[in-house]
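1. Here is a sequence together with a model predicted from it:
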Amino acid sequence: MVNDFKNILKKPILLISLLAIATIPAIYTTIFLGSMWNPYDSMDQLKVDVVNEDEGAELDGEEISLGQDLVDELKDNEEFKWQFTDMKEASDDLGRGEVYAVVKIPEDASDKAGNLLKSEAENIDIEIQTNPGYNFLGSVMGSNAGSAIKDELGLSITEMYTETLVESMNDAKESNEELLDALTEMQTGVDELIEGSESLESGLMELDSTMNQSAGELSEGNQQVTDGLYEMNKNLEAMQSQVPPQMQGQLDGFSAGVDELIAGNEAVQDGIDQVGPGVSQSTGELAEGSRSMTEGLTELDDGLNEMIAEVEDGLSEFDGLVLSDENAGFIADPIDVTETEVTEIENYGQTLAPYIIAVSLFLGCIAFSVLYPLNRLTENYRNTFTMTVSKTLLVMTHALLSTGVLFSVLKFGFELKIAEPGQFYLIMLLWTLAALLVITVLVSLLGNVGKFIAVILLILQLSSSAGTFPIQTAGNLYQTLHPVLPMSYAVTAMREVIFDFEAVLTTQSTMVYLAVIIVVAIIVFSLINLLKFKFRKFENVTREMSRVEF
């Protein structure tokens with residue numbers, strides 16, 4: 001039952017060749033996976049040319065230069081290898097494949113940024129050039145660099161305008177607060193004037209009765225009222241620049257009313273001055289004038305109350321608002337994205353490893369079928385049973401050797417972290433056995449044609465196993481083949497046991513599926529061997545297709 005092993009031991013070259021073939025999966029995986037194990041950690045070596053043609057501009061009396069600000073920031077950015085040059089040199093670099101992207105900031109970038117709130121507002125055109133013909137994935141990474149610059153410029157412009165807006169709102173709030181203080185102070189003065197005017201009126205009435213008492217005191221009191229009105233007029237003039245446009249008319253009316261009160265009060269003062277001791281002239285008229293002045297002051301007080309109420313309503317809209325540069329930054333960039341990953345990925349190669357492993361093991365199986373004569377004559381075996389057992393044991397030995405070497409390389413060479421190493425190795429072994437037994441059946445039955453079919457199977461599985469891109473991005477044919485061909489299960493199952501999650505094609509389903517393939521393949525292989533022993537013509541046909549002689 002070990003006839004094939006005896007045959008190999010008799011031929012040292014064949015033994016060495018088979019041992020070398022057992023290392024093919026490990027070699028293929030090492031070379032292929034090693035070249036892309038962690039490319040994103042080396043993105044700082046990708047060159048990107050930045051061409052800054054921005055000429056700067058002026059915004060609200062301040063010089064702005066978006067292009068130069070961006071260049072200064074990129075000099076401290078280590079995400080890519082930024083180079084700053086002119087457009088001619090950048091185009092040459094891109095054409096030669098020395099850089100993976102060229103980002104051009106136009107000469108009117110700052111100028112357009114300063115006009116975004118004007119009728120002539122336009123978008124700022126950032127030009128990104130890549131060379132996908134030289135290296136497609138490199139150009140994708142370069143394009144991402146350009147998009148990052150676009151986002152950075154957009155954020156800078158938003159922050160600039162937001163800070164200006166917040167500063168304007170803060171100025172408006174402070175101006176309204178100052179206006180409210182002035183109006184409140186003026187109202188206090190008006191209240192005092194009303195009290196003085198009422199006292200004056202009372203004094204005049206008393207003067208009308210006594211005629212000769214306190215003319216001097218009345219004159220002094222009335223003069224105080226007049227002085228107060230003059231002071232109020234000065235306050236009104238000072239408030240002209242603080243009052244909002246919609247309240248300007250009210251303020252002008254108040255100012256005219258104060259002027260009339262001053263004129264009236266001066267007339268009263270003239271009348272009082274004409275009153276002397278023992279003289280009683282026109283006190284009734286003076287009292288009436290004082291009463292009119294009191295009424296005017298009361299109207300002015302009511303008007304001030306209305307203005308104060310309007311200013312307080314305006315200020316109430318600012319209640320709870322913090323108008324600072326820090327808050328302006330929050331408004332310009334209000335979103336914090338929190339990404340949560342259900343699996344822990346250390347690098348790109350870790351995610352690609354299952355696909356490369358599955359492919360390398362299948363390639364190793366094809367290489368084994370090419371080197372070892374699976375269609376040896378039945379005369380080298382006693383019966384169907386010994387022939388089947390001998391070849392099956394040889395296949396299993398190759399599977400154990402190739403998967404063992406590959407597992408060691410992954411575990412100790414790449415230090416691949418595997419959540420379930422036992423299951424991981426079992427899946428590798430089952431996948432290798434399934435592939436090798438299917439190929440053995442094809443070669444035993446169809447010879448070289450079977451090897452060709454095995455290559456076709458590999459190609460179909462390469463494109464339908466979702467090893468690199470999501471299967472949804474593939475064509476309908478590959479999406480149909482995906483849940484049918486065994487490599488899809490092997491790749492998904494290896495991912496599951498590496499990262500410890502459960503996908504649609506579960507690990508358990510994979511083990512069952514591969515075990516069924518193994519059992520069916522052994523049964524079919526046994527039937528083929530039986531036919532070869534029973535029918536010499538059948539064996540001759542398979543040998544002819546193999547075009548080998550033993």
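-> Okay, I see it.

2. drop to CA atoms for contacts and neighbour counts, all remaining ones
-> Fine.

3. Can you name the residues that contact residue 156?
-> residue 66 (CA atoms under 8 Å, 6 or more residues apart in numbering).

4. Give me the distance between it and residue 451.
-> As for residue 156, its distance to residue 451 is 62 Å (criterion: CA to CA, to the nearest Å).

5. And for residue 440?
-> Going from residue 440 to residue 451 by CA to CA gives 9 Å.

6. which residues are common contacts for these two?
-> Joint contacts of residue 440 and residue 451 (CA under 8 Å, 6+ apart) are residue 369.

7. Neighbour count for those two, which is higher?
-> residue 440 (28 against 21; other CA atoms under 10 Å).

8. Check which helices and strands the helix or strand hosting the more buried one is in contact with.
-> Using DSSP states H and E, residue 440 falls within helix 421-446. Helix 421-446 sits against helix 348-371, helix 384-408, helix 448-464, helix 486-499, helix 507-534, helix 536-546, with contacts defined as 3 or more CA pairs under 8 Å, 6 or more residues apart in numbering; DSSP states H and E.

9. most tightly surrounded among those helices?
-> For the helices and strands packed on helix 421-446, average neighbour numbers computed from mean count of other CA atoms under 10 Å are highest in helix 486-499, which has a mean of 25.

10. Summarise which helices and strands it is packed against.
-> Secondary-structure packing of helix 486-499 (3+ CA pairs under 8 Å, 6+ apart): helix 348-371, helix 421-446, helix 448-464, helix 507-534.

11. Show me how far that helix is from its chain's centre.
-> Helix 486-499 sits 30 Å away from the centroid of its parent chain (CA atoms, centre = their mean, to the nearest Å).

12. neighbouring contacts of it?
-> 343-345, 351, 354-355, 358, 417-421, 423-424, 427-428, 431, 461, 464-467, 482-483, 502-503, 505-507, 509-510, 513-514.

13. I'd like the helices and strands packed on helix 486-499 as TSV, with mean pLDDT and distance to residue 401 appended.
-> Shown next, in TSV, are the helices and strands packed on helix 486-499 (pLDDT from 0 to 100; distance: least, CA to CA, whole Å):
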stretch	mean pLDDT	distance to residue 401
helix 348-371	87	11
helix 421-446	92	10
helix 448-464	88	21
helix 507-534	90	18
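
14. Make CSV out of these and add distance to residue 260.
-> As requested, the helices and strands packed on helix 486-499 are exported to CSV (distance: least, CA to CA, whole Å):
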stretch, distance to residue 260
helix 348-371, 86
helix 421-446, 99
helix 448-464, 95
helix 507-534, 97
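
15. and of those, who's closest to residue 87?
-> The closest of the helices and strands packed on helix 486-499 to residue 87 is helix 348-371. By CA to CA, the value is 33.8 Å.

16. I'd like to check the angle between that closest one and helix 486-499, please.
-> In terms of direction (axes from the mean of the first three to the mean of the last three CA atoms, to 10 degrees), helix 348-371 departs from helix 486-499 by 140 degrees.

17. and helix 348-371, what other elements does it pack with?
-> helix 12-22, helix 24-35, helix 384-408, helix 421-446, helix 448-464, helix 486-499.

18. Please work out which residues outside the helix or strand following the second one touch it.
-> The reference is to helix 24-35. Using DSSP H and E, the helix or strand that follows helix 24-35 in sequence is strand 47-52. With CA under 8 Å, 6+ apart as the test, strand 47-52 has contacts from 67-68, 71, 80-87, 90, 98-107, 142, 145.

19. Residue 300 versus residue 256, what's the distance?
-> For residue 256, the distance to residue 300 - CA to CA - is 11 Å.

20. between the two, who's got more neighbours?
-> Between residue 256 and residue 300, residue 300 has the larger neighbour count (other CA under 10 Å), namely 20 against 12.

21. Hmm, residue 254 and the more buried one touching each other?
-> Yes. Contact criterion CA atoms under 8 Å: residue 300 and residue 254 qualify, at 6.6 Å.

22. Can you show me the helices along the stretch 151-300 of the chain?
-> Along the stretch 151-300 of the chain, counting by DSSP state H, counting those that start in this stretch, helices occupy 215-238, 248-274, 283-316.

23. Now do the shortest one: which elements does it pack against?
-> In terms of contact count using 3+ CA pairs under 8 Å, 6+ apart, helix 215-238 is assigned the packing partners helix 136-210, helix 248-274.

24. If we go by neighbour counts, what in it is buried?
-> Using 16 or more other CA atoms under 10 Å as the test for burial, helix 215-238 gives 215, 218-219, 221-223, 225-226, 228-230, 232-233, 235-236.

25. which among those gets closest to residue 266?
-> Closest to residue 266, out of all of these and judged by CA to CA, is residue 226, at 7.0 Å.

26. still on that earlier bit, buried ones among the contacts of strand 47-52?
-> Those of the contacts of strand 47-52 that meet the buried threshold are 67-68, 71, 80-84, 87, 90, 99-107, 142, 145, by 16+ other CA under 10 Å.

27. Residue 140: what's it in contact with?
-> residue 132.

28. ok, and the closest non-adjacent residue to residue 66?
-> residue 110 (5.5 Å; CA to CA, 6 or more residues apart in numbering).

29. is it true that that neighbour touches residue 57?
-> Yes. Counting by CA under 8 Å, residue 110 touches residue 57, with 5.3 Å between them.

30. hey, what's in contact with both of the two?
-> 64-65.

31. mind checking the end-to-end distance for stretch 125-142?
-> Terminal residues of stretch 125-142 are spaced 18 Å apart (CA to CA).

32. element containing residue 58?
-> strand 57-59.
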